[in-house]
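> A predicted structure for the sequence below; I have some questions about it.
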Amino acid sequence: MPTVGWHIEVEFKEDERDVNTAAALLLRLPDGTELRARGQAKRNPADPAQPRIGEEIAAARALSDLVHQLLDKAASEIEAVTHRPAHLRT
């Protein structure tokens, strides 16, 4: 069986004025589906600037969104084959 890989593109935008970091993810699946997810992190203004930490939090939240989208897609595909409700858990 050949090895299959997926690539996720991640972009960050940081707004120092609002102490906000946003992550945007794009996943292209072999079937042509593109899933997009977003996550946010907001730093307490009293905390020192640590851009990497904001990126990690924003990316984790975007990945969490992506997890739910992938589970929903898989459930829909299972239901299309079985004609029964699929219940997938995170």
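Cool, the structure landed.
> off-centre distance for the helix or strand encompassing residue 77?
Here residue 77 is covered by helix 51-82, with elements defined by DSSP states H and E. In terms of C-alpha atoms, centre = their mean, to the nearest Å, the centre of helix 51-82 is found 5 Å from the chain centre.
> and what of stretch 11-26?
For stretch 11-26, the gap between its own C-alpha mean and the chain's C-alpha mean amounts to 14 Å (C-alpha atoms, centre = their mean).
> quick check: chain neighbours aside, which residue is closest to residue 87?
Distances taken as C-beta to C-beta, 6 or more residues apart in numbering put residue 75 closest to residue 87, at 7.5 Å, once the chain neighbours are dropped. (C-beta placed from N, C-alpha, C; glycine too.)
> give the full set of residues in contact with that neighbour.
Contact criterion C-beta atoms under 8 Å, 6 or more residues apart in numbering gives 86, 87, 88 as the residues in contact with residue 75.
> checking the last one next. Helix, strand or coil?
In terms of secondary structure, residue 88 is coil; the call rests on DSSP: H, G, I helix; E, B strand; the rest coil.
> how deep is residue 30 tucked in, by neighbour count?
One way to gauge burial is a neighbour count; for residue 30, by other C-beta atoms under 10 Å, it gives 8.
> can you pull the contacts of it?
Counting by C-beta under 8 Å, 6+ apart, residue 30 touches 4, 6.
> can I take it that it is in a strand?
No: remark: residue 30 does not belong to a strand; assigned using three-state DSSP, it is coil.
> assign the nearest residue to residue 14 once chain neighbours are set aside to helix, strand or coil.
Using C-beta to C-beta, 6+ apart and skipping residues adjacent in sequence, the residue nearest residue 14 is residue 21, 5.0 Å away. Of the three states, residue 21 takes strand according to three-state DSSP.
> find the residue at the geometric middle of the protein.
residue 63 (2.9 Å; C-alpha atoms, centre = their mean).
> if we can go back for a sec, do you know how far the residue nearest to residue 87 is from residue 66?
Taking C-beta to C-beta, to the nearest Å as the measure, residue 75 and residue 66 are separated by 15 Å.
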